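In: following is a predicted model, sequence given first.
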Amino acid sequence: MFKAKRRTVVTVTAALAVLLAGALTVTLLTSGNGKASDGNSVTDGNSVTYTAGHRPLAPDITGTSLTGTAIKLSSYRGKTVVLNFWGSWCAPCRGEAGVLALLDKQYGAKGVAFLGDDVGDTPANALAFTRGAGISYPSISDQGYAVVAQLSQVVPVSDTPTTVVIDKTGHVAGTIIGAVNYGEMTTLLHDAEVTQ
Amino acid sequence: MTDTRTPQPPPESVAEEVEAAHSFSGAKEERGTGRTAEPTAASAGWLRWGWRQLTSMRTALVLLFLLAVGSIPGSVLPQQGTDPGAVQQYFASHPGLAPWLNHLGLFNVFAAPWFAAIYLLLFASLVGCVVPRTFRLVGAARTPPPRAPRNLARLPQTSSYSSTLPPEAAVDGAAAVLAGQRFRLRRSGADDRQRDGASHWVSAEKGYLREVGNLLFHLSLLGVLLSIAAGGLFGYKADKLLVEGQSFSDTTAALDEFHPGRLVSGSDLPPFSMTLNKFTANYIQSGQSRGQPSNFDADVSYTASPGAAPGTYHIRINDPLSVDSLKVYLIGHGYAPEFKVTGANGQVTYDQATPFIPANTGTFQSDGVVKAPGTATGTDLGFMGVFVPTAISVGGTLDSIFPAADNPAVSLIGYTGNLGMNSGVPQSVYQLDTTGMTKVSGSPHLLAPGQTWALPGGKGSVTFVGVKQWVSLAITYDPGQMPALVCGILALAGLLLSFFVRRRRVFVRAVPAASGSGSVVTVGGLTRSDAGGGFEEEFSELAAEIAAAEPAGHSEPEPSTKPEPSKQSEPGA
């Protein structure tokens, strides 16, 4: 009887150890890239779209623009806002700037406002770039990533550039991490039109 | 008469009894591993054999040794994770050897499959060893004392006296004394009557704390393992370079390096922010160790979360800032010369303190690049710079003689053309890709603070505005650190307990005296691993006390501690 009990203990231990080792292997080998679509959002590559009704409310971001004027996100209520996190030191940001400048021209009159958030940068470097790239919308001077941290409490802003689309009611409709392209941006802007 | 009083027990029960008296449960089960597997399915047998090999102490020790040996290349060779630049350098200087080392994963040892195999096997081995041991130790701690052996005179320590009391009452008295000494007791019961006849006995055992200590040690060992695993899964480590006057928030976008645990995502970072107000490095000014650092001090302001009350702290070496369960360490520093670049059209295109990386940590001669993209294609300006904090010119070569910024100077090589930054392909801020650029004549150009170099051909100018310093910060969160420490201390405490507490048994058997009234009481004692000694004294004191508990005048204690020869009867002592 004692032997039988002992064998159970050994078996249980063996199973436990194998399970632990297996779990450890799985967690160590998978790079945590699993992205899926739950009921609230759809993930497609580097973009996340939040379905209307499940959109997280964006915090009321405030800051000072590169040229020294005050900016407040809540004053944009009633417009769809494209919030682009960028820096003049960041090559992918410079690369996507043309697309954003074009979209600003096309959608500016259709109730879409563009706003930049310039991170890890100096105003001199940033303004030299926006002038050259033909970007006329304002950017918050956010050298210390304060706005990034604020918005990160709601949606991931894990890299530079990241673009966040906020709907007319101030809720986040979607994010694109990394450089944007024209197609995914227009899709996201049309999705953002649908609000509740 | 003799037949009824001492019925002859079957031979195997004698053996069992002697075994019970002489061995302690812990050792008994150890011997069980010798049993062979039944010849059922061969594969099951092999599996069981493999499992037994894996969980053996020897295998665990070999794996531990392998783990130590395996981490040697991690500290001897440059590692991809910590210093990718040095790896590239190694490839360049050892073109034949480096690819082979790379195939073996020696440039990223701690992520190499063979390294993972070692620690996973070690983990399995430890768990497989510790868990059954734990069950066994619980069993050992709960086992009541064995029956008293028939012949107590054979035990290493014995003593006997005659009592006026009948056997049962005599044993009662002895039991009371033993209970008073906090022994765990086992009395002869009704079912022992068959074996013992008219004799009565009590078995007493003490020192269960030894098993508790052993158990504590093993459980704590498991705790250490789990704590380390928790640290690896839920902890993270990040690096950030911060220039004086700059600030950053603890978000993945702001961090230079982010090494999260397997179950950590960017949104788990606590939202603290920090500003570097001033960095001070003091150096020894004279004597043999001139130029050696004497003190580092990073004066920072921080807020634990947006809107929280700001605090200030002086981060020093080994004096990290603790904020929101994470720690911020000062791990490096350097100089960040400030440059202002204007383009051909006179517009400022770059105005920034630019971190330079020390090439010589003794003199802080540092290298860096300035990338000032122009407002039109082909008008980009780029500079490769060497910064020296205390400049001296040795035969036309710029050198630094002291790590403090006493006489700073910067030597720049200028380039014009296309930096390639608008292509959208990420670049390192510490490297200049000169493929689309041409060198400016007059390079290298030496600048002191405040001086401007007007580039030839009206291509623009660069001003060396001044010098700031930067610090390199390591932000770490290790939830396993405290539990691992606590478990480590508990493991040590358990080990000490199991070393210094000894399990000892005392048996008292009383048989009716031949005279008809009263009884002859024999006391026997036994201990295992009496490393510290002292049981002999304890036993004789105890025996005297038991004898003294008898009604006065009738007891005649005659302690007869057996000398050496009897010890041989104790197996494995």
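Out: Received it, and whenever you're ready, just let me know what you need. Numbering: from 1, shown residues only, chains lettered A, B, ... in the order given.
In: and the strands in chain A?
Out: A:41-44, A:47-50, A:62-64, A:70-72, A:80-86, A:112-119, A:139-142, A:162-166, A:172-177 (DSSP state E).
In: okay, the ones you listed in TSV with mean pLDDT and mean neighbour count next?
Out: Just so you know, the C-beta spots here come from the backbone N, C-alpha and C atoms, and that holds for glycine as well. Shown next, in TSV, are the strands of chain A (pLDDT from 0 to 100; neighbours: other C-beta atoms under 10 Å in any protein chain shown):
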stretch	mean pLDDT	mean neighbour count
strand A:41-44	78	16
strand A:47-50	88	21
strand A:62-64	93	16
strand A:70-72	95	13
strand A:80-86	95	25
strand A:112-119	95	24
strand A:139-142	95	24
strand A:162-166	95	26
strand A:172-177	93	25
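In: which among the ones you listed is found nearest to B:Ile284?
Out: Smallest distance to B:Ile284 across these (C-beta to C-beta): 39.2 Å, for strand A:112-119.
In: so which elements touch that closest one?
Out: Applying 3 or more C-beta pairs under 8 Å, 6 or more residues apart in numbering or on different chains; DSSP states H and E, we find strand A:112-119 packed against strand A:80-86, helix A:91-107, strand A:139-142, helix A:146-152.
In: need the contact list for residue 157.
Out: In the absence of a named chain, chain A is used. By C-beta atoms under 8 Å, 6 or more residues apart in numbering or on different chains, the contact set of A:Val157 is A:85, A:148, A:151, A:164, A:175, A:177, B:251, B:253.
In: actually it's chain B I care about, not the one you picked
Out: When contacts are counted by C-beta under 8 Å, 6+ apart, B:Gln157 touches B:524-526, B:535-536, B:539-540, B:543, B:561-562.
In: show the pLDDT at the residue nearest to it when sequence neighbours are not counted.
Out: Nearest residue to B:Gln157, sequence neighbours excluded (C-beta to C-beta, 6 or more residues apart in numbering or on different chains): B:Gly525, at 3.7 Å. Note on B:Gly525: pLDDT of 89.
In: shouldn't B:Gly525 be within a strand?
Out: Yes. With DSSP: H, G, I helix; E, B strand; the rest coil as the criterion, B:Gly525 is part of a strand.
In: okay, now it: neighbour count?
Out: Residues lying near B:Gly525 (other C-beta atoms under 10 Å in any protein chain shown) number 24.
In: ditto for B:Phe217
Out: Number of residues near B:Phe217 (other C-beta under 10 Å) recorded here: 23.
In: again with B:Gly417
Out: For B:Gly417, using other C-beta under 10 Å, the count is 18.
In: quick one, helices of the stretch 51-200 of chain B?
Out: Per DSSP state H, counting those that start in this stretch, the stretch 51-200 of chain B carries helices over the ranges B:57-70, B:72-76, B:84-93, B:98-103, B:113-142, B:167-180, B:193-196.
In: go through the first one and flag the buried ones.
Out: Within helix B:57-70, the residues that qualify as buried by neighbour count (16 or more other C-beta atoms under 10 Å in any protein chain shown) are B:59-60, B:63, B:66, B:70.
In: so how do I select the buried members of the contacts of B:Gln157 in PyMOL?
Out: In PyMOL syntax, the buried subset of the contacts of B:Gln157 is picked out as below (16+ other C-beta under 10 Å):
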select buried, chain B and resi 524+525+526+535+539+540+543+562
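In: list the contacts of B:Gly232.
Out: Applying C-beta under 8 Å, 6+ apart, we find B:Gly232 in contact with B:261-262, B:480.
In: in a markdown table: the contacts of A:Val157, plus distance to B:Pro389.
Out: Below are the contacts of A:Val157 laid out as a markdown table (distance: C-beta to C-beta, whole Å):
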| residue | distance to B:Pro389 |
| --- | --- |
| A:Phe85 | 35 |
| A:Val148 | 33 |
| A:Leu151 | 39 |
| A:Val164 | 42 |
| A:Thr175 | 44 |
| A:Ile177 | 40 |
| B:Thr251 | 33 |
| B:Ala253 | 32 |
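In: how about low-confidence regions in the chain?
Out: Chain wasn't specified; assuming chain A. Counting by pLDDT under 70, the ranges of chain A that qualify are A:1-39, A:196.
In: my question was about chain B, not that one.
Out: For chain B, the stretches with pLDDT under 70 are B:1-41, B:81-85, B:529-532, B:550-573.
In: same thing but at 50, please
Out: Flagging of chain B using pLDDT under 50 yields the residue ranges B:1-37, B:552-573.
In: in it, what residue lies closest to chain A?
Out: Using C-beta to the nearest C-beta, the single residue of chain B nearest to chain A is B:Gly424, 2.2 Å away.
In: test my guess that that residue contacts A:Cys90.
Out: No. Counting by C-beta atoms under 8 Å, B:Gly424 does not reach A:Cys90; the two are 9.6 Å apart.
In: domain map for the chain?
Out: Just so you know, I chose chain A. Following automatic domain parsing, chain A resolves into domains at A:1-31, A:36-194.
In: meant chain B actually
Out: Split into domains by automatic domain parsing, chain B comes to B:24-142, B:152-207+B:502-560.
In: between the buried residues of helix B:57-70, which is nearest B:Gly291?
Out: Closest to B:Gly291, out of all of these and judged by C-beta to C-beta, is B:Gly70, at 38.0 Å.
In: grab the nearest non-local neighbour of the residue in chain A positioned nearest to chain B.
Out: When scored by C-beta to the nearest C-beta, chain A has A:Gly95 as its residue closest to chain B, at 2.2 Å. Once flanking residues are discounted, A:Gly95 sits nearest to B:Gly424: 2.2 Å by C-beta to C-beta, 6+ apart.
In: tell me who's in contact with the one you found.
Out: So B:Gly424 contacts A:91-92, A:94-96, A:179 (C-beta under 8 Å, 6+ apart).
In: give me the buried entries from those residues.
Out: A:91-92, A:94-96, A:179.
In: so can I have JSON lines of these showing distance to A:Ala113?
Out: JSON lines is the format used below for those (distance: C-beta to C-beta, whole Å):
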{"residue": "A:Ala91", "distance to A:Ala113": "26"}
{"residue": "A:Pro92", "distance to A:Ala113": "23"}
{"residue": "A:Arg94", "distance to A:Ala113": "22"}
{"residue": "A:Gly95", "distance to A:Ala113": "23"}
{"residue": "A:Glu96", "distance to A:Ala113": "18"}
{"residue": "A:Ala179", "distance to A:Ala113": "21"}
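In: the helix or strand hosting B:Ala229 vs helix B:113-142, what angle?
Out: B:Ala229 belongs to helix B:209-234 when assigned by DSSP states H and E. Going by axes from the mean of the first three to the mean of the last three C-alpha atoms, to 10 degrees, helix B:209-234 is angled at 150 degrees with respect to helix B:113-142.
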